[in-house]
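Undergrad: sequence-free structure coming up:
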């Protein structure tokens, strides 16, 4: 599938490539494209974050914090959205650390490390 993302990088996110994403990834492809189109993919200094229907999900390389990834493994639509966003350069750049954003919401590094609030 690297070839698909290389083509998006060189040709931009054309209608034909969008169709190929949906053909290849089905519902996950549709959701990923919708997230990219909606501006739901943000690149912080430490992570990519994708806003889903009910929460924000941290994506780093081939890892995502969503339940689909946790239980099923493999490529969830959040990871796919980040790959598409990177290839098409369609993501919001945030010049801040996501961990600082979390701390502003009352979540601390200690909470994360101890898995408690």
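TA: Sure thing, it's come through. It should be emphasised that the depicted structure is a prediction, and the values quoted were computed from it without experimental measurement.
Undergrad: how far away is residue 4 from residue 82?
TA: Computed as CB to CB, to the nearest Å, the residue 4 to residue 82 distance reads 14 Å. Glycine gets a C-beta too; all of them are placed from N, C-alpha and C.
Undergrad: any weak-confidence spans in this structure?
TA: When residues are selected by pLDDT under 70, those of the chain lie in 1, 104-117.
Undergrad: More neighbours: residue 4 and residue 82, which one.
TA: More crowded of residue 4 and residue 82, by other CB atoms under 10 Å: residue 82, with 27 against 16.
Undergrad: who touches that one in this structure?
TA: Neighbouring residues of residue 82 by CB atoms under 8 Å, 6 or more residues apart in numbering: 41, 48, 50, 59, 91.
Undergrad: of the residues you listed, closest to residue 78?
TA: Nearest to residue 78 among the contacts of residue 82: residue 50, at 4.2 Å, using CB to CB.
Undergrad: Sweet, I'm off.
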